[in-house]
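Asks: Below are the sequence and a predicted model; questions follow.
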Amino acid sequence: MYGQAYNPLQSQSVDVPFEQPKSLFRFGEISLWSSYFFAGSSALANSTNRLFSVARGSTGQGFTRGLSIAETSLKEAGRVPSGVAYDVFGVACQIEKSSGADDTSTTVGSPIDTDATIGDLLNIQANGILSWDFTQTVVEICPVSLAGAGGGAFGSLAVADGGVSPAAITQVGHMNNGNGQVWMYRKHPVALPGNTTFAVNLAFGSRAAAVSTNGTVVRIVLLGYYKNIIEIG
């Protein structure tokens, strides 16, 4: 085996080059995310809403204030950071409630524990469809119900009555669309070349109800691998 590559599978091996390579590939696993804010009482039926189209610090996607790190990881709208090639092997969808109707002075992550807030969650799950938008080509991904949230306090509920009447019972809870597994692209990732401009659409069918009084935030997370070239010579 002298002068040849180590080959534990015992397949046909390739000779080791006699000169140093000029570049190396670097791989890593990261996630990308982007959010859309639906203000209170917003109509959803027959709408198409683009995510990954607004960079951090800019306004848009329903937000009237600049998006922060919690809302998006993009430094440039519609592009993978640092211009690296990126293969997507999973898509997650996180649905959260706002403490107010708009995003001017509200917080995100209010408990989903009432008829109205749980109804908003189910409405988006049942009627929302995710799709890729590559400028001239749109490819459907899956219904929202197949893109798990990926974690969180799902299905939790705390009740404290303090021995008082039922009318004074305090309930604090949070429901979301489940812990979820990686449902999509487990065998065949979607390749996003470094120079590709892309977006993810969140579209709703004709039977979707309007958002309740408080706003709703939907965050889409892409899980995948990046690859870039390191010049060494």
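Replies: Received it, and whenever you're ready, just let me know what you need.
Asks: Can you give me the distance of the closest residue in space to residue 63 that isn't next to it in sequence to residue 158?
Replies: Distance criterion C-beta to C-beta, 6 or more residues apart in numbering; nearest residue to residue 63, sequence neighbours excluded, is residue 37 at 4.9 Å. C-beta coordinates here come from the backbone N, C-alpha and C atoms, glycine included. Between residue 37 and residue 158 the computed distance is 27 Å (C-beta to C-beta, to the nearest Å).
Asks: higher neighbour count, those two?
Replies: Ranked by neighbour count (other C-beta atoms under 10 Å), residue 37 and residue 158 place residue 37 first, with 24 against 11.
Asks: for the more buried one, what are its contacts?
Replies: 61, 62, 63, 98, 103, 215, 216, 217 (C-beta atoms under 8 Å, 6 or more residues apart in numbering).
Asks: Widest-spaced pair of these?
Replies: Within those, two members stand farthest from each other by C-beta to C-beta: 61 and 98, at 13.9 Å.
Asks: In this structure, what residue spans correspond to helices?
Replies: Assigned by DSSP state H, the helices in the chain fall at 115-127.
Asks: about what we covered before: would you write a ChimeraX line that selects the buried entries of the contacts of residue 37?
Replies: Filtering the contacts of residue 37 down to the buried ones (16 or more other C-beta atoms under 10 Å) takes a single ChimeraX command:
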select :61,62,63,98,103,215,216,217
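Asks: from the contacts of residue 37, which is closest to residue 136?
Replies: Closest to residue 136, out of all of the contacts of residue 37 and judged by C-beta to C-beta, is residue 61, at 21.1 Å.
Asks: Residue 94 versus that closest one, what's the distance?
Replies: 14 Å.
Asks: Give me the below-cutoff pLDDT ranges for the chain.
Replies: 1-26, 160-170, 179-184, 228-233 (pLDDT under 70).
Asks: Using CSV, please lay out the contacts of residue 37 together with distance to residue 122.
Replies: Formatted as CSV, those follow (distance: C-beta to C-beta, whole Å):
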residue, distance to residue 122
61, 23
62, 20
63, 24
98, 17
103, 23
215, 17
216, 12
217, 16
